[in-house]
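1. Have a look; sequence and predicted model below, questions after that.
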Amino acid sequence: MAQSRAARLAPVVNMAESAERTAAQRLGHFQGQVRLAESKLGDLERFRAEYQQQWIDRGSHGVSGQWLMNYQHFLNQLETAVGQQRQSLAWHQNNLNKARETWQQAYARVEGLRKLVQRYIDEARQLEDKREQKLLDELSQRLPRQDQY
């Protein structure tokens, strides 16, 4: 009986394993998205630092008002881009956290089902062992005893 319970759970376990695999793939996708967003943010921040270094280098030699206005305008645009990339990174990190949570729940479900199936299998094995032992006991009682003579 317990063995059949384990067999009946097989489709449920398969579905849970499929859901866990899908969740793991989504987790991997979002990990890649976070790495990409981090890389882009790093690139923007390095570019901004280099651009600011240009101000230091050129500013020490004197610059025109037009160059300063262009510099300031571009630096503002760069700051906006950095801010937007930080928001993008935060959004991707949020998605990653949700995906991680979903995967952890799916994984826990699969593990719980596997343990339940194993328990059913163990119970079936124990019942079968008891039946065999009972049968052997009955057979041994039916056999004539040799030590009676």
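-> That came through, no problem.
2. where are the low-confidence patches of the protein?
-> Scanning the chain with the threshold set as pLDDT under 70 gives 1-3, 145-149.
3. how far away is Glu45 from Ala81?
-> Between Glu45 and Ala81 the distance is 10 Å, computed by CB to CB, to the nearest Å. Every residue, glycine included, has its C-beta placed from N, CA and C.
4. What segments of this structure are helices?
-> Using DSSP state H, the helices of the chain run over residues 2-59, 65-142.
5. want to throw those into a markdown table with mean neighbour count?
-> Shown next, in a markdown table, are those (neighbours: other CB atoms under 10 Å):
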| stretch | mean neighbour count |
| --- | --- |
| helix 2-59 | 14 |
| helix 65-142 | 13 |
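6. From Gly83, how far off is Lys91?
-> Residue 91: Trp, not Lys. Plainly put, Trp91 is 13 Å away from Gly83 if you go by CB to CB.
7. Trp103 too?
-> Taking CB to CB, one finds Trp103 at 30 Å from Gly83.
8. Over to Asp137?
-> Taking CB to CB, one finds Asp137 at 80 Å from Gly83.
9. again, but for Asp57
-> Counting by CB to CB - Asp57 and Gly83 are separated by 25 Å.
10. Likewise for Glu111?
-> In terms of CB to CB, Glu111 sits 42 Å off from Gly83.
11. same thing with Ala108?
-> Distance from Ala108 to Gly83, by CB to CB: 38 Å.
12. same check, this time on Ser140
-> Taking CB to CB, one finds Ser140 at 85 Å from Gly83.
13. and if you look at Lys98?
-> According to CB to CB, Lys98 and Gly83 sit 23 Å apart.
14. Kindly report the same for Ala23.
-> 32 Å.
15. Now Val63: closest residue in space, sequence neighbours ignored.
-> Spatial nearest neighbour of Val63, excluding adjacent residues (CB to CB, 6 or more residues apart in numbering): Tyr71 at 7.6 Å.
16. Quick one: residues contacting that neighbour.
-> By CB atoms under 8 Å, 6 or more residues apart in numbering, the contact set of Tyr71 is Tyr51, Gln54, Trp55, Val63.
17. from what I can see Arg114 touches Val13, true?
-> Yes - with contact defined as CB atoms under 8 Å, Arg114 reaches Val13; the gap is 6.7 Å.
18. Mind listing the shared neighbours of those two?
-> Here Arg114 and Val13 have no joint contacts, going by CB under 8 Å, 6+ apart.
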